[in-house]
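Undergrad: please find the sequence and the predicted model below.
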Amino acid sequence: MKNILVPTDFSSHAMAAFETAVSLSRRTGAQVHLYHVIEVPEVAEMHELMAWRESGEGESMENADGMLRQLVTNEAYKDIRPVYSIDYGTPHKSISAKAAGEGFDLVVVGSHGMSRIDKIIFGSTTEKVIRNTLCPVLTINDTVSCFLPSTIVFCAGIAAEQACGLETVKSIALLYDAVIHIVKVSTPEHFETTRESRMAMKTLAETNKLPQYTLNHYNDRSIEEGLKHFSEDISA
């Protein structure tokens, strides 16, 4: 693992995600990249966007830059030397494009945000970020004093997506001696028998030489609900 992307809206949950990324960086030597997206309205013409920026109605680039600069220059993080960048755009689209375009190995996000961006990044659009980002997305619910995962839930899905993300998941599991719980969620629209699921998951685990793992087939109304409920069931 070489590069970790941390989208931030400066909320406490985003800071928890950053601290988790810092912990991972200190164990792996990965570069931590803070990323802030200034939400812009949907406009048809460039001159409309320029007018909106000049109106001062939106978030200030200068303010965001100042907050990020203060964070990355904090003495507490001088050993990992985090970097940052800022873009204008739609947060979930920009995050997915950033992760794919610059080859990040992992995206670490907070589960809740602040103000309007809460609904955009960490509400209903979480599904879009996860679905459109090939690398693993680690969601942090609460501030953790020490990131020490003992269980990891990995959703078995499309082969190409698995190949891109499983190596990072495996490296984290090895670092923390964690058990990987591979789960295939069957929904009414995408049904698969337990036998079929277990065979596919076993092949996945053996091909990638996973250290400690379990195979799980879960039925639910949607993949997202299935992952949430399965994770709750095993206290992941």
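TA: That came in fine, so what should we check first?

Undergrad: quick check: end-to-end length of stretch 84-103?
TA: Taking Cα to Cα, to the nearest Å, stretch 84-103 runs 15 Å from one end to the other.

Undergrad: mind listing what's buried in that stretch?
TA: Across stretch 84-103, burial judged by 16 or more other Cβ atoms under 10 Å covers Tyr84, Asp87, Thr90, Pro91, His92, Ser94, Ile95, Ser96, Lys98, Ala99. (Each C-beta comes from the backbone N, C-alpha and C, glycine too.)

Undergrad: and these, which of them are in helices?
TA: Taking DSSP state H, the ones among those that sit in helices are Pro91, His92, Ser94, Ile95, Ser96, Lys98, Ala99.

Undergrad: report pLDDT for the residue positioned nearest the centre of the chain.
TA: Relative to the mean C-alpha position of the chain, the nearest C-alpha, by Cα atoms, centre = their mean, is the one of Val137, at 2.6 Å. Val137 is assigned 84 on the pLDDT scale.

Undergrad: now do the buried residues in the helix or strand harbouring Asn216.
TA: Assigned by DSSP states H and E, Asn216 belongs to strand 213-219. Using 16+ other Cβ under 10 Å as the test for burial, strand 213-219 gives Tyr213, Leu215, Asn216, His217, Tyr218.

Undergrad: quick one: strands adjacent to that strand?
TA: Strand 213-219 pairs in its sheet with strand 179-186 (parallel), by DSSP bridges.

Undergrad: could you list the domains of the protein?
TA: Domains of the chain are assigned by automatic domain parsing as 3-140, 151-233.

Undergrad: hey, least reliable of those by pLDDT?
TA: domain 3-140 (a mean of 81).

Undergrad: ok, back up a step: ok, so of the buried residues of strand 213-219, who is nearest Arg198?
TA: Leu215 (5.2 Å; Cβ to Cβ).

Undergrad: where do the strands sit along the chain?
TA: 3-7, 31-39, 83-89, 106-110, 137-140, 151-155, 179-186, 213-219 (DSSP state E).

Undergrad: closest one to Ser235 among those?
TA: Per Cβ to Cβ, nearest to Ser235 of the strands of the chain: strand 151-155, 7.5 Å.

Undergrad: got the angle for the closest one vs strand 179-186?
TA: Interaxial angle of strand 151-155 relative to strand 179-186 (axes from the mean of the first three to the mean of the last three Cα atoms, to 10 degrees): 30 degrees.

Undergrad: so which elements touch strand 151-155?
TA: helix 159-176, strand 179-186, helix 223-233 (3 or more Cβ pairs under 8 Å, 6 or more residues apart in numbering; DSSP states H and E).

Undergrad: dump those into TSV; add mean neighbour count and distance to Ser12 as well.
TA: Putting these into TSV (neighbours: other Cβ atoms under 10 Å; distance: least, Cβ to Cβ, whole Å) gives the following:
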stretch	mean neighbour count	distance to Ser12
helix 159-176	17	24
strand 179-186	21	28
helix 223-233	16	22
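
Undergrad: in TSV, list these along with distance to Ala64.
TA: Formatted as TSV, these follow (distance: least, Cβ to Cβ, whole Å):
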stretch	distance to Ala64
helix 159-176	28
strand 179-186	37
helix 223-233	30
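
Undergrad: picking up where we left off before, so the residue nearest to the centre of the chain makes contact with Val107?
TA: Yes. Counting by Cβ atoms under 8 Å, Val137 does reach Val107; the two are 4.7 Å apart.

Undergrad: tell me who's in contact with Tyr84.
TA: His33, Leu34, Tyr35, His36, Leu68, Arg69, Leu71, Val72 (Cβ atoms under 8 Å, 6 or more residues apart in numbering).

Undergrad: give me that answer again for 6 Å
TA: Counting by Cβ atoms under 6 Å, 6 or more residues apart in numbering, Tyr84 touches Leu34, Leu68, Val72.
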